[in-house]
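Colleague: for reference, the sequence and a predicted model appear below.
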Amino acid sequence: MTRIVTIVGSLSDQSKTRRLATHVQERIANAAGAETFVVDVASLVGDLAIAHPAKASPSLAAALEAIETADLIVAASPVYKGSYTGLFKHLIDLVDYKALAGVPVALLAVGGSDRHALVVEHQLRPLFAFFGAATLPTAVFVQDALLADGPVRDAPTVARLSQLVAEAVDALDIRTSRQRSEPARSAA
Ligand SMILES: Cc1cc2nc3c(=O)[nH]c(=O)nc-3n(C[C@H](O)[C@H](O)[C@H](O)COP(=O)(O)O)c2cc1C
């Protein structure tokens, strides 16, 4: 079955990034008929202090395998000092550099200030470009105040999130059709 893997880079118990990312993941999964998996750095803090994936604990190894075999990734981080969090980056540092080539990636960030809204373009997008991943055209930054009391209601942000969900569903559709036709093509 098609699988969406969401990576949450927050360390907070009541993380707004986690809430936003899992909401987006559910919307994509419902529209695409996909299953979901969440990799949360908050639950891997004690496992991440390694330099090589060969040393990964069973939980970290399962998280890395999920990321490396995902059909679509939702990559979501709070903004810390104008970028993604350090532990989010360290988790990504442990991912096989060949595993994400062509994989669609939806980019999300939550921050305290709109001054850092371009973190999705200037930090998250280049990180996934390193892997040759297919980052979706629409990346969404959400100011944390908009998530203070339940789901986002700010109309421009809601519209951007819907656009991102639509692009993700299309990307999954193209990917699964291609995967279905590939065995037929190689047998011909
Ligand atoms: C250490 C730290 C650094 C932060 N740096 C920034 C920043 O540079 N720019 C910004 O807009 N918000 C910054 N914030 C605010 C967080 O991005 C914001 O509170 C966000 O909602 C946290 O997400 P979470 O609830 O998922 O943990 C920072 C917060 C912390 C704790």
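Modeller: That came through, no problem.

Colleague: which strands and helices sit next to the lowest-mean-pLDDT helix or strand in the chain?
Modeller: Within the chain, no helix or strand scores below helix 155-187, which has a mean of 90 by mean pLDDT, DSSP states H and E. Here helix 155-187 touches helix 16-32, strand 72-78, strand 104-111, strand 140-143, going by 3 or more C-beta pairs under 8 Å, 6 or more residues apart in numbering; DSSP states H and E. Bear in mind the C-beta positions are built from the backbone N, C-alpha and C, glycine included.

Colleague: parallel or antiparallel, which strands does the shortest one pair with?
Modeller: Strands that pair with strand 140-143, judged by DSSP bridges, come out as strand 104-111 (parallel).

Colleague: same question for the strand it pairs with, mean pLDDT?
Modeller: Averaging pLDDT along strand 104-111 yields 98.

Colleague: got the angle between that strand and strand 72-78?
Modeller: Counting by axes from the mean of the first three to the mean of the last three C-alpha atoms, to 10 degrees, strand 104-111 lies at 10 degrees to strand 72-78.

Colleague: can you tell if strand 104-111 touches the ligand?
Modeller: Yes: counting by C-beta under 6 Å from any ligand atom, contacts between strand 104-111 and the ligand involve 110-111.

Colleague: next SSE after that strand?
Modeller: helix 119 (DSSP states H and E).

Colleague: pick the most deeply packed of the helices and strands packed on helix 155-187.
Modeller: Mean neighbours per residue, mean count of other C-beta atoms under 10 Å, is largest over those for strand 72-78, with a mean of 27.

Colleague: what's the next secondary structure element after that one?
Modeller: Sequence order places helix 86-93 as the next helix or strand after strand 72-78, per DSSP H and E.

Colleague: who in this protein is up against the ligand?
Modeller: Residues of the chain lying near the ligand (C-beta under 6 Å from any ligand atom): 10, 12, 15-18, 78-82, 110-113, 116, 144.

Colleague: repeat the analysis, applying 5 Å as the threshold.
Modeller: 10, 12, 15-17, 78-82, 110-113, 116, 144 (C-beta under 5 Å from any ligand atom).

Colleague: contact partners for Gly111?
Modeller: 78-79, 117, 119, 141, 143-144 (C-beta atoms under 8 Å, 6 or more residues apart in numbering).

Colleague: change it to 10 Å
Modeller: If a contact means C-beta atoms under 10 Å, 6 or more residues apart in numbering, then Gly111 has 16-17, 77-80, 82, 117, 119-120, 141-144 as its contacts.

Colleague: could you do Val39 as well?
Modeller: Taking C-beta under 10 Å, 6+ apart as the test, what Val39 contacts is 5-9, 59-60, 62-64, 66-67, 70, 73, 75, 91.

Colleague: if anything else comes up later, I'll come back, but that's it for now.
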